[in-house]
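Enquirer: build me a model from this:
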Amino acid sequence: MASPLPLTTEAAPSDNSSSFYDYEDYLDQVAFMLCMKEEVLSFGKVFLPIFYSLVFVLGLGGNLLLLVVLLRYVPRRRMTEVYLLNLAFSNLLFVVTLPFWSITVVWHWVFGSFLCKMVSALYTINLYSGIFFISCMSLDRYLEIVHAQPHSRLRTPARCRLLAAMVWAVALVVSIPDVVFVRTHEYPTGVWNCYPDFGGHGTPWKLLLRFQQNLLGFLLPLLAMIFFYSRIASVLVRVRPPGQGRALRIAAALVVAFFVLWFPYNLTLFLHSLMDLKVFGDCKVSQHLDYALQVTESFAFFHCCFTPILYAFSSCHFRQCLKAFLATALGRHQAPCPAQAPLSSSSDISNLTAQEEMTSMNDLEEKQAEDFPTDGEVGGNEA
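Expert: Below you'll find the predicted structure:
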């Protein structure tokens, strides 16, 4: 969770049982209570607000710009652009939660119980939906290029909207623990915090949610992206369409960016889980992991700033629309966005899109037909 969890425990029980097991458990609680985290909290009060503010400004500006361009200049959005639109909207909702956590770190939670649940749910929903929409965009590129079926029933607007709705539904289901268990806590008197309260089952729930993040929020999307883009790369190398080298570099950059942003955070969560299972660790290790969790989680938040822009700027069509928007905003004369160009120039638009969107499907099908005269579908030959 982005919300800072309390790093102290309740007072150790005064009942000293005669059994060795109870006495050992008592000693473990006393030892943990002596592992103070004041330095970790002091570090977070300086580091987290600065980083959250930076991500908020960059994410808000970049995703708003992306939304405006897509909504104003791309009226006939293809499947990837629909996913990109949902990704930008998801990122906007995500960065809106960061000021709440910044204020909480510096001071305490002052927004009440309802916003505690609402902001926590928004954080989780848009954390997962953003990752899922990146995976959807990889799947769409895979279907478009590897199987060369621009009019396939798998890529119809209705199927696209259905898949987008499923992504939001899954992200909503994943956020249920935040709605159910997250609540405000007053400790000490007059100081409120917003974090989950799992009752007497705190450790199992923490392990479950961490492994859920490792699996759904990193491992499965990463494996999917590696599979999709490796298949795309093999087709591009074989068919050699215009802009092949640039398309391969973009595909590699998308996979590397996802890995670099999310791997450190997920590794830290996994190590935290091992420590909770008593596989290893002591007070010093716990403190180091707390530092690492603050830094890696904040670094992962850059996904809402960097990834949508990387996807958008991989398209020359988008860059042309962005130039048209900026020229209009600055009151300068600029050629219209290709999406608004007259029909007589459709061939120029097609050539432009072919180079920058990895390949025009017409050109791709022609090249595949030359290489595979018995089957125009590359994916069918490779199956």
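Enquirer: helix or strand with the lowest mean pLDDT in this protein?
Expert: Within the chain, no helix or strand scores below helix 346-356, which has a mean of 34 by mean pLDDT, DSSP states H and E.
Enquirer: for the stretch 151-300 of the chain, what spans make up the strands?
Expert: In the stretch 151-300 of the chain, the strands defined using DSSP state E, counting those that start in this stretch lie at 182-186, 192-196.
Enquirer: out of those strands, flag the one nearest His272.
Expert: His272 sits nearest to strand 192-196 of all those, at 14.9 Å, using C-beta to C-beta. For the C-beta atoms, the positions are set from N, CA and C on the backbone; glycine is no exception.
Enquirer: tell me who's in contact with the residue nearest to Gln287 when sequence neighbours are not counted.
Expert: Excluding the flanking residues, the one nearest Gln287 by C-beta to C-beta, 6 or more residues apart in numbering is Val40, at 5.9 Å. Taking C-beta atoms under 8 Å, 6 or more residues apart in numbering, we find Val40 in contact with 7, 287, 290-291, 294.
Enquirer: in ChimeraX, select just the buried ones from those residues.
Expert: Only the buried entries of the contacts of Val40 go into this ChimeraX selection, using 16 or more other C-beta atoms under 10 Å:
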select :287,290,291,294
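Enquirer: distance from the chain centre to the helix or strand hosting Gly62, please.
Expert: Element membership for Gly62, per DSSP states H and E: helix 38-73. Remark: helix 38-73 is offset 13 Å from the chain centroid, using C-alpha atoms, centre = their mean, to the nearest Å.
Enquirer: residues of that helix that come out buried?
Expert: 40, 44, 48-49, 51-52, 55-56, 58-60, 62-63, 65-67, 69-70, 73.
Enquirer: and the closest residue to Thr124 other than its chain neighbours, how far is that from Ala324?
Expert: With C-beta to C-beta, 6+ apart as the criterion, Thr124 has its nearest non-adjacent residue at 4.0 Å, and that residue is Ser175. Distance, Ser175 to Ala324, using C-beta to C-beta, to the nearest Å: 38 Å.
Enquirer: same check, this time on Arg183
Expert: Applying C-beta to C-beta to Arg183 and Ala324 gives a distance of 48 Å.
Enquirer: look at those two and report which has more neighbours.
Expert: Using other C-beta atoms under 10 Å, the more surrounded residue of Arg183 and Ala324 is Ala324, with 20 against 14.
Enquirer: part of a strand, is the more buried one?
Expert: No. Going by DSSP: H, G, I helix; E, B strand; the rest coil, the assignment for Ala324 is helix, not a strand.
Enquirer: so it is in contact with Tyr73, correct?
Expert: Yes. Ala324 lies in contact with Tyr73 (C-beta atoms under 8 Å); the separation is 6.4 Å.
Enquirer: what is the neighbour count of the residue lying closest to His185 once chain neighbours are set aside?
Expert: Nearest non-adjacent residue to His185, counting by C-beta to C-beta, 6+ apart: Asn193, 5.2 Å away. Residues near Asn193, counting by other C-beta under 10 Å, number 17.
Enquirer: please apply the same query to Thr189.
Expert: Quick note: Thr189 (other C-beta under 10 Å) scores 5 neighbours.
Enquirer: ok, it - contacts?
Expert: The contact partners of Thr189, taken as C-beta under 8 Å, 6+ apart, number zero.
Enquirer: give me phi/psi at it?
Expert: Per-residue torsions, Thr189: phi -60, psi 130 (degrees, to the nearest 10).
Enquirer: roughly how far apart are it and His108?
Expert: 12 Å.
Enquirer: which element is Asn91 on?
Expert: Here Asn91 sits within helix 79-96, counting by DSSP H and E.
Enquirer: state the next helix or strand along the chain beyond that helix.
Expert: helix 98-106.
Enquirer: so which elements touch that following helix?
Expert: Judged by 3 or more C-beta pairs under 8 Å, 6 or more residues apart in numbering; DSSP states H and E, helix 98-106 is in contact with helix 38-73, helix 112-145.
Enquirer: how far away from the center of its chain is stretch 199-210?
Expert: 23 Å.
Enquirer: report the buried residues of that stretch.
Expert: 206, 209-210.
Enquirer: with adjacent residues omitted, what lies nearest to Leu58?
Expert: Closest residue to Leu58 apart from its sequence neighbours, by C-beta to C-beta, 6+ apart: Cys305 at 4.2 Å.
Enquirer: can you count the residues close to that neighbour?
Expert: Other residues close to Cys305 by other C-beta under 10 Å number 22.
Enquirer: so who does it touch?
Expert: For Cys305, the contact set (C-beta under 8 Å, 6+ apart) comprises 55, 58-59, 62, 91.
Enquirer: distance of it from Ile103?
Expert: Taking C-beta to C-beta, one finds Cys305 at 21 Å from Ile103.
Enquirer: where in the stretch 151-300 of the chain is pLDDT low?
Expert: Low-confidence segments of the stretch 151-300 of the chain, defined by pLDDT under 70: 151-154, 243.
Enquirer: wait, doesn't Phe51 sit right on Ala300?
Expert: No. Contact criterion C-beta under 8 Å: Phe51 and Ala300 do not qualify, at 10.8 Å.
Enquirer: on that earlier part again, deepest of the strands of the stretch 151-300 of the chain, which one?
Expert: Per residue and on average, the most neighbours among the strands of the stretch 151-300 of the chain fall to strand 192-196, with a mean of 20 (mean count of other C-beta atoms under 10 Å).
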